[in-house]
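S.K.: quick one, fold the following:
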Amino acid sequence: MRKTLVGAALLTLTALTACNAGSEAAKPPAGGAGAGAPMATTPAAAPTTPPAATPPATAPATTRPPATRKPAATPSLSTPSTPRPPASYDPERDLTDLVATTKGLVLERPVDGVRHGNLIVTIINNGPHPVWDMTFIVELPESMSAAGGDWAGCTRLRSTKAGFPAGSKCVKGYLAPGKSRTFRLGVSSPAAKDGDDSLVSRWLVDVWNGEVYSDLDPTDNRRIFSVTRR
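M.R.: Below you'll find the model as predicted:
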């Protein structure tokens, strides 16, 4: 009998626990839609008139700069281009007369053990015809080397044999009849040698006409000059 009462009590307790759990689950959440008075609904706002559409902005028109007129070409004042050489030569008729002049090589006082100087050479065409391949050679002391000036068109100034002068061949091109051209040939040399290392003391300039024309007076084609040291 006692066991029956205990079992009935346990069964009653279990049923009560289940009922309480079901009641809690059925309650609406606090503050939810089911709690208290029903929620008031906000009436929809009356439709408003949409603002007038703004037309899209247009980019300002691009203004082109006014066209500029180029000034009229100024006539060239430069010398005319070199005329073409004749297709053939007649040694009996195509004559020239080239003259080489120079006052010699002037060397300045040594600066840091080096002397500098200039050889001024002037070539004159006294002949009746132009020369297209005016050429001259220059021989200087062996220790000399080119140092600025009008060496364009010239071979390297150097000695090809020990104890002999340094030489250079300069091809200067066109020279009209009755005209002259002057060239400044800058040189330098160690002051300790200063030209005394050459066995041949023959400093000269020799001009010819490219081995085409016959020269009326070849004796003035060559000038032997001296070296002046300051």
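S.K.: please enumerate the strands of this structure.
M.R.: Shown for the chain, the strands assigned by DSSP state E span residues 95-96, 98-107, 114-125, 131-140, 145-149, 166-175, 180-190, 203-208, 214-215, 222-225, 227-229.
S.K.: tell me the mean pLDDT over the longest one?
M.R.: Computed over strand 114-125, the mean pLDDT rounds to 95.
S.K.: quick check: angle from it to strand 131-140?
M.R.: On the basis of axes from the mean of the first three to the mean of the last three C-alpha atoms, to 10 degrees, strand 114-125 is oriented at 150 degrees to strand 131-140.
S.K.: partners of residue 227 in the sheet?
M.R.: residue 105 (DSSP bridges).
S.K.: quick revisit: which stretch among the strands of the chain comes nearest residue 86?
M.R.: If you check each of these against residue 86 by C-beta to C-beta, strand 131-140 wins as the nearest, at 9.0 Å. All C-beta spots, glycine's among them, are computed from the backbone N, C-alpha and C.
S.K.: now the closest one: buried residues?
M.R.: 131-140 (16 or more other C-beta atoms under 10 Å).
S.K.: can I get those residues in a markdown table with pLDDT and distance to residue 204?
M.R.: Formatted as a markdown table, the buried residues of strand 131-140 follow (pLDDT from 0 to 100; distance: C-beta to C-beta, whole Å):
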| residue | pLDDT | distance to residue 204 |
| --- | --- | --- |
| 131 | 88 | 20 |
| 132 | 85 | 24 |
| 133 | 86 | 20 |
| 134 | 91 | 17 |
| 135 | 93 | 14 |
| 136 | 94 | 10 |
| 137 | 93 | 8 |
| 138 | 94 | 7 |
| 139 | 92 | 5 |
| 140 | 90 | 9 |
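S.K.: report the beta-bridge partners for residue 131.
M.R.: Assigned bridge partners for residue 131, using DSSP bridges, are residue 175.
S.K.: just to revisit the earlier point, identify the farthest-apart pair in the buried residues of strand 131-140.
M.R.: 132 and 140, at 26.8 Å, using C-beta to C-beta across those.
S.K.: I'd assumed residue 96 was in contact with residue 217.
M.R.: No: applying C-beta atoms under 8 Å, one finds residue 217 not in contact with residue 96, separated by 10.0 Å.
S.K.: where in this protein is pLDDT low?
M.R.: Applying pLDDT under 70 to the chain flags residues 1-81, 87-89, 91-92, 195-202, 209-212.
S.K.: could you rerun that using 90?
M.R.: 1-96, 105-107, 128-133, 141-143, 159-165, 191-216, 218, 224-230 (pLDDT under 90).
S.K.: tell me which of the strands of the chain lies nearest to residue 84.
M.R.: Using C-beta to C-beta and comparing the strands of the chain, the one that lies nearest residue 84 is strand 131-140, at 8.6 Å.
S.K.: residue 117 reaches residue 105, doesn't it?
M.R.: Yes: the pair residue 117 and residue 105 passes the contact test of C-beta under 8 Å, sitting 5.5 Å apart.
S.K.: mutual contacts of the two, please.
M.R.: Counting by C-beta atoms under 8 Å, 6 or more residues apart in numbering, the contacts common to residue 117 and residue 105 are residue 187.
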